[in-house]
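1. sequence and predicted model, in that order:
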Amino acid sequence: MTTATAAGKAPSTRLSRGRRWGYWLTALACIVVASLAGLTLQSPGLPIAWWWPAAGAAAWFALRAPRADRTWLMLAIPLATVTTNILVGRPWYLGLVYGLCNTVEIVVFLAALGRQRDAFRLDTLGNAVRFVSAALLGALVLGLTIGGAGALLAGASFASVAIVAFASHSSAVMLIGVLAALPARERQRANPIEVAVHAVVAAATLFLTFGPGGATEVTFLVFAVLAAACLRFPIRIAIVQSLLICVAALLLTLTAGGSFGFDLAASRTSPVTLVVFMSTVGVFSLLVSAARYEGRVNAAIALTAAEDIARAERARVAALAEQLELQRQREDFAVATSHELRTPLTNMLGYTDLLLDTRLDDQQRSWLGATRRGAERLRGLIDTMIDARESQSRDAVAVDSLLSRVQSAYAAEASTRRASIITIPCGLVVRASDGDAERALSNLVSNAITFAENGTVALEATRVDDDVLISVTDDGPGMSSSTLHHAFDRFYRGPEAEGRGSSGIGLGLGSARDLARRNGGDVTVTSTAGHGVKAVLRLPALTDGDA
């Protein structure tokens, strides 16, 4: 996730000299102040403080600093620790040892987090687990080293010092240091009234638990309040509230004598319980709030993706509706035009037949025969445009006879264009409507003659499994990939058809495919620009069972 610098992203480059000195002097001052605050909670009988907010401050600066400048922090931590220990009257060597232990803790903490390409962010549950684990591991190393140092240098109990140091440092890192690793702000803003009401409930719960007369039996109510904040509010509010709750619990314990109340001069057990409680609050708040943040982010991503998909689907549906509307308009135009052509075409055929019954010489009869054949072809095309129903009868059609008839019908047109039609006998038989098969093949041959001017059109049939493939191949200019993509679109004429003296309107290939499909076949077209076109009419072969 990309996080803005305003949200706490550490700069990726080394600080300038002036900024470095200012930054680390600020860090040193903050760690000193936090150390003094911790030392006010000096443990009776032990050489350490009950809670050490300086560990949280050091973790905060370590997360904010560029990696190249973290060496300065490793010098600031022991310096601040030695300074504060001397101010409260401890031996300088004990402060130095504690300062080195604190430095080791931060080094282990950063190493456990691992190398990040960008600044570490608490934006996933996995990162929250890693942060908690790093904080606990660093505090564990700190507890063991300080416990050993306290036992050797101050004669303190190793176990007591180690437990107190582990709990106090881990809680400080998870409650204070984590503020430097908060992720980008969420789009959803918390309702101020809801936050105020929740703060009142939290205060009442804290007073009931840690105030005078409070009891440890109802401590679970604090976690109920925390859970409500982590699941309801943005992660920043939830983490800050966890810190405030722990600080309030500490202050109530020190001043009000509640369930964890203790005498700084005598008690040992209650403060240990308190810092363990604070560490538990840190673990709980980080894991729950990070899980909730990740869930909200993933939900937002999923919602955005769903909206994008919905928009794309709406666009696709709109495009499909537009395509269907265009197809409907084309069909309506074709049907309306076909009906309008039927009447004059019927008159042409009728009067041609009447003329053929009169006394004519051979030349006149030839002219009328050509006229009638053209009219019959036109009627076949109109029938194809109007009749989209499945053919009712399929007969055995001899392919050789089919090829011969089509060749004869287009011989004159081919001669006009100085092209030749070549047929190769095959002896095959197909099962289809004779009229449909002839019209489909006629459309393919007509297209081939148009583009094979001064060339050759070859008709050849072969059998493949249960189909007969009738190929119509020309040696014309071929089709471009764009034209080939739209070859079967009705009323489409590619740029290759321009200037070739063709009166077609772009219905031939589409009509041929419709005729073939309603007879159980199909039409395919392949071409390479400059190398002609090969159209293949596929029809079911007549099988022994059909015979």
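-> Here it is on my side, so go on.
2. for residue 405, see how far away the residue lying closest to residue 355 once chain neighbours are set aside is.
-> Using CB to CB, 6 or more residues apart in numbering and skipping residues adjacent in sequence, the residue nearest residue 355 is residue 368, 5.5 Å away. Placement of C-beta: from N, CA and C, glycine included. Relative to residue 405, residue 368 is positioned 19 Å away (CB to CB, to the nearest Å).
3. how about residue 206?
-> Residue 206 is 101 Å from residue 405, by CB to CB.
4. that older thread, quick check: the residue nearest to residue 355 touching residue 358?
-> No. Residue 368 lies out of contact with residue 358 (CB atoms under 8 Å); the separation is 9.6 Å.
5. so which of these two has more stuff around it?
-> Neighbour count, other CB atoms under 10 Å: between residue 368 and residue 358, residue 368 has more, with 17 against 9.
6. can you give me phi and psi for that one?
-> phi -70, psi -30 (degrees, to the nearest 10).
7. how about it, what does it touch?
-> Contacts for residue 368 (CB atoms under 8 Å, 6 or more residues apart in numbering) come out as 352, 355, 356, 360.
8. now these: which count as buried?
-> residue 352 (16 or more other CB atoms under 10 Å).
9. just the contacts of residue 368 now: which is nearest residue 91?
-> residue 352 (127.9 Å; CB to CB).
10. tell me which element that closest one falls in.
-> helix 269-356 (DSSP states H and E).
11. check which helices and strands that helix is in contact with.
-> Applying 3 or more CB pairs under 8 Å, 6 or more residues apart in numbering; DSSP states H and E, one finds that helix 269-356 makes contact with helix 125-149, helix 158-175, helix 220-232, helix 235-255, helix 362-386.
12. so how far does stretch 36-56 reach from one end to the other?
-> Chord length of stretch 36-56, first to last residue, is 13 Å (CA to CA, to the nearest Å).
13. ok, and the closest non-adjacent residue to residue 105?
-> Leaving aside its chain neighbours, residue 105 sits nearest to residue 142 (3.9 Å; criterion: CB to CB, 6+ apart).
14. what is the neighbour count of that neighbour?
-> Using other CB under 10 Å, residue 142 is surrounded by 28 other residues.
15. would you confirm that it contacts residue 101?
-> Yes. If you go by CB under 8 Å, residue 142 and residue 101 touch, sitting 5.6 Å apart.
16. any low-confidence regions in the stretch 151-300 of the chain?
-> 213-217, 255-271 (pLDDT under 70).
17. make sure I have this right: residue 28 is in a helix.
-> Yes. Judged by DSSP: H, G, I helix; E, B strand; the rest coil, residue 28 forms part of a helix.
18. any idea how far residue 100 is from residue 230?
-> Taken as CB to CB, the span from residue 230 to residue 100 is 36 Å.
19. between the helix holding residue 352 and helix 362-386, how big is the angle?
-> Per axes from the mean of the first three to the mean of the last three CA atoms, to 10 degrees, the angle that helix 269-356 makes with helix 362-386 is 150 degrees.
20. report the angle between helix 269-356 and helix 220-232.
-> Using the same axes, to 10 degrees: helix 269-356 against helix 220-232 is 30 degrees.
21. so for stretch 518-533, what gets flagged as buried?
-> Those would be 518, 519, 520, 521, 523, 525, 527, 532, 533, for stretch 518-533 by 16+ other CB under 10 Å.
22. revised request: answer the last question for stretch 347-356.
-> Buried residues in stretch 347-356 (16+ other CB under 10 Å): 348, 349, 352.
23. the second one contacts residue 374, doesn't it?
-> No. Counting by CB under 8 Å, residue 374 is not a contact partner of residue 349; they are 10.3 Å apart.
24. what sits against residue 405?
-> Residues counted as contacts of residue 405 (CB under 8 Å, 6+ apart) are residue 438.
25. name the element it belongs to?
-> Counting by DSSP H and E, the element that carries residue 405 is helix 399-409.
26. next one: that helix to chain centre, how far?
-> 58 Å (CA atoms, centre = their mean, to the nearest Å).
27. please tell me how far the very next helix or strand once past it is from the chain's geometric centre.
-> Downstream of helix 399-409, the next assigned helix or strand under DSSP H and E is helix 411-416. Helix 411-416 sits 60 Å away from the centroid of its parent chain (CA atoms, centre = their mean).
28. and helix 411-416, what does it pack against?
-> strand 420-423, helix 434-451.
29. so which of the ones you listed comes closest to residue 65?
-> So among the helices and strands packed on helix 411-416, helix 434-451 is nearest, using CB to CB, at 75.4 Å.
30. which strands or helices does the helix or strand just after the closest one pack on?
-> Next along the chain after helix 434-451, taking DSSP H and E as the criterion, comes strand 456-464. Helices and strands touching strand 456-464, by 3+ CB pairs under 8 Å, 6+ apart, are helix 399-409, strand 420-423, helix 434-451, strand 467-474.
31. output the ones you listed in TSV; the columns should cover distance to residue 301 and mean pLDDT.
-> Shown next, in TSV, are the helices and strands packed on strand 456-464 (distance: least, CB to CB, whole Å; pLDDT from 0 to 100):
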stretch	distance to residue 301	mean pLDDT
helix 399-409	61	89
strand 420-423	64	87
helix 434-451	52	84
strand 467-474	51	90
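32. need the winner for burial among these.
-> Highest mean neighbour count of the helices and strands packed on strand 456-464: helix 434-451, a mean of 24 (counted as mean count of other CB atoms under 10 Å).
33. just give me the residue right at the centre of this protein.
-> The centre of the chain sits closest to residue 305, judged by CA atoms, centre = their mean, with a distance of 6.5 Å.
34. distance of that one relative to residue 252?
-> The gap separating residue 305 from residue 252 is 47 Å, by CB to CB.
35. now the helices and strands packed on strand 456-464 in TSV, please, with extra columns for distance to residue 170.
-> Formatted as TSV, the helices and strands packed on strand 456-464 follow (distance: least, CB to CB, whole Å):
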stretch	distance to residue 170
helix 399-409	89
strand 420-423	92
helix 434-451	83
strand 467-474	78
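36. for residue 472, which residues are in contact?
-> Applying CB under 8 Å, 6+ apart to residue 472 gives the contacts 441, 444, 445, 448, 457, 458, 459, 534, 535, 536, 537.
37. leaving out chain neighbours, which residue sits closest to it?
-> residue 444 (4.4 Å).
38. SS state for residue 156?
-> At residue 156, secondary structure determined by three-state DSSP is coil.
39. and the contacts of stretch 94-110?
-> 47-48, 54-55, 58-59, 62, 70, 73-74, 77-86, 134-135, 137-139, 141-142, 145-146, 149, 153-154, 169, 173.
40. what mean pLDDT does that stretch get?
-> Mean pLDDT, stretch 94-110: 87.
41. can you show me the CA trace of stretch 198-215 as PDB?
-> The C-alpha atoms that make up stretch 198-215 are tabulated as PDB, following Å, rounded to 0.1, in the frame of the first residue of the first chain:
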ATOM      1  CA  HIS A 198     -17.300   5.500  23.600                       C
ATOM      2  CA  ALA A 199     -14.700   7.600  25.600                       C
ATOM      3  CA  VAL A 200     -17.300   8.100  28.400                       C
ATOM      4  CA  VAL A 201     -18.000   4.300  28.500                       C
ATOM      5  CA  ALA A 202     -14.200   3.600  28.500                       C
ATOM      6  CA  ALA A 203     -13.600   6.000  31.300                       C
ATOM      7  CA  ALA A 204     -16.500   4.500  33.400                       C
ATOM      8  CA  THR A 205     -15.100   1.000  32.800                       C
ATOM      9  CA  LEU A 206     -11.600   2.000  33.800                       C
ATOM     10  CA  PHE A 207     -12.900   3.700  37.000                       C
ATOM     11  CA  LEU A 208     -14.900   0.600  37.800                       C
ATOM     12  CA  THR A 209     -11.900  -1.700  37.200                       C
ATOM     13  CA  PHE A 210      -9.000   0.400  38.500                       C
ATOM     14  CA  GLY A 211     -10.600   3.000  40.700                       C
ATOM     15  CA  PRO A 212     -11.200   2.700  44.500                       C
ATOM     16  CA  GLY A 213     -13.200  -0.400  45.200                       C
ATOM     17  CA  GLY A 214     -12.400  -1.900  41.800                       C
ATOM     18  CA  ALA A 215     -11.800  -5.600  41.400                       C
END
